[in-house]
Structure formats: C-alpha cells, structure tokens
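Trainee: Below is the sequence, then the predicted model.
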Amino acid sequence: MATFHNFQRIFNSSFEFYGLSEWLLEIMPDNVNLNHSNTKHSSNGWIFRRHNARSNFICVNCTESKSYPYKSKKKKINSWSSAFTTILFRARLDQSHNGQLIGRIQMKIFEQGCHTCNMYSTGILDDKEIKKTFYRLYLWILKTFYNEEFLDNDDDDDYNYEDNQYNQHRTKISHDSSRCDGCRLGWCKALYTNRYSSKK
C-alpha cells in the first residue's frame, strides 16, 4: 500500500508550492475517537474534514500459493477497487515557543474488508489521487483557517447532491457498507449518496 512516507513527501512538496510550508502532516493517533457523532464540534482546537478518494485494495491474506514440481510458485491475489475510500483529516494551528503559528494536520485512511476472508486492509492511492486529495485539503485549509475561498472550492463535506451530476452517477456504484470502517463510523460518502438516492 502507499506508505505514509509517500503521502508526506507529496504533501510537503505540494504545500510548499502552495505557500503553506508551515503546515505539517502527521499520522492520526490510534486513541482518537473517530465516531462522526463525537467530532461534530472541534476538540482541543482540532477541526475534522472527510475526503472521498478512489483506491485499489489488495487482500494479502487471500493470496493463494501453489507449488508445482520444478516450477516456481504461482500466486493469485484477491483485489478490488473502491470509489468510496474515506480519508479523515483533522487540523489545528499551534503556537510555537517563538510565537510563530505552526499548522498540524493528522490523517487516517479507513480500511475496508475482503469479501472472501473479511480481513481489513488500507486502499492504495496512486500519486495523482494523492495530489488531488491534498489540493482539496489546501482549499479547505485556506477557507477554514485563513478565511479565504476560491470559486472551485468544492467542499467535500457538503452533502447537497441535487446539482452534482458526478455524485448522482456514484449512486450506481456498488459499495459494501458492512465491510467499510468509514461507513461504520459515519464518515463514508456512500452513506450520504445512498441517502440522497433513496429520497429521489
């Protein structure tokens, strides 16, 4: 899967290009309560944001190996793609000892379960998808912490889909909510897409 080092590398180069080099990217600690109902209000200055991405999943547990005489092992890997890969960010501005403001962003990619063995894994995002993710994050940072907004600031936390044909198209995409940690904790975009679809 895409390592955090790769995310951090793309984040650093992107935010330096955007003029926000004072922002740092970190892994979200395991002890953070990620239930959506508990994060509606900022806690200790942290503000949460969900981003939906596309990724590919590979279940290493389902890798089948067969040995043949005088032949190398053949492997078959169970994999699937998802248009509903949920990445959760939380951000805040801290003041350093010299009075300068330092931005901290923590991220968590929600796992999905294998249909065969039910083992959970993290999706693999290519560099293009990661750059797109951080561009949307950059626009959100400007709006949330600097009161700046651009015309193409498509807020991913806006659940009004009536004028969004792209999201209407996504209602046709199958998604196993029972094996999605993002759905279980109330963050996955599929929850709101399906909710809008059922009201039509």
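Mentor: Here it is on my side, so go on. Everything numeric in this text was worked out from a predicted model, so none of it was measured.

Trainee: hey, let's count contacts and neighbours off CA atoms from now on
Mentor: Noted.

Trainee: so where does residue 24 fall, helix or strand?
Mentor: Using DSSP states H and E, residue 24 maps to strand 23-27.

Trainee: Now stretch 79-98: buried residues?
Mentor: 82-93 (16 or more other Cα atoms under 10 Å).

Trainee: Determine how far that stretch lies from the middle of the whole chain.
Mentor: Here the centre of stretch 79-98 is set off from its chain's centre by 7 Å, with Cα atoms, centre = their mean, to the nearest Å.

Trainee: and it, average pLDDT?
Mentor: For stretch 79-98, mean pLDDT rounds to 92.

Trainee: Likewise for stretch 50-63?
Mentor: 90.

Trainee: hey, C-alpha coordinates of it in PDB?
Mentor: Extracted in PDB, the C-alpha atoms of stretch 50-63 (Å, rounded to 0.1, in the frame of the first residue of the first chain):
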ATOM      1  CA  ARG A  50     -13.600  14.000   5.400                       C
ATOM      2  CA  HIS A  51     -12.300  13.400   1.900                       C
ATOM      3  CA  ASN A  52     -13.500  10.800  -0.600                       C
ATOM      4  CA  ALA A  53     -11.000   9.200  -2.900                       C
ATOM      5  CA  ARG A  54     -10.600   6.300  -5.300                       C
ATOM      6  CA  SER A  55      -8.200   3.500  -4.500                       C
ATOM      7  CA  ASN A  56      -7.400  -0.200  -5.000                       C
ATOM      8  CA  PHE A  57      -7.400  -2.800  -2.300                       C
ATOM      9  CA  ILE A  58      -5.400  -6.000  -2.100                       C
ATOM     10  CA  CYS A  59      -6.100  -8.700   0.400                       C
ATOM     11  CA  VAL A  60      -2.700 -10.300   1.200                       C
ATOM     12  CA  ASN A  61      -4.500 -12.900   3.400                       C
ATOM     13  CA  CYS A  62      -6.200 -14.400   0.300                       C
ATOM     14  CA  THR A  63      -3.100 -14.800  -1.700                       C
END
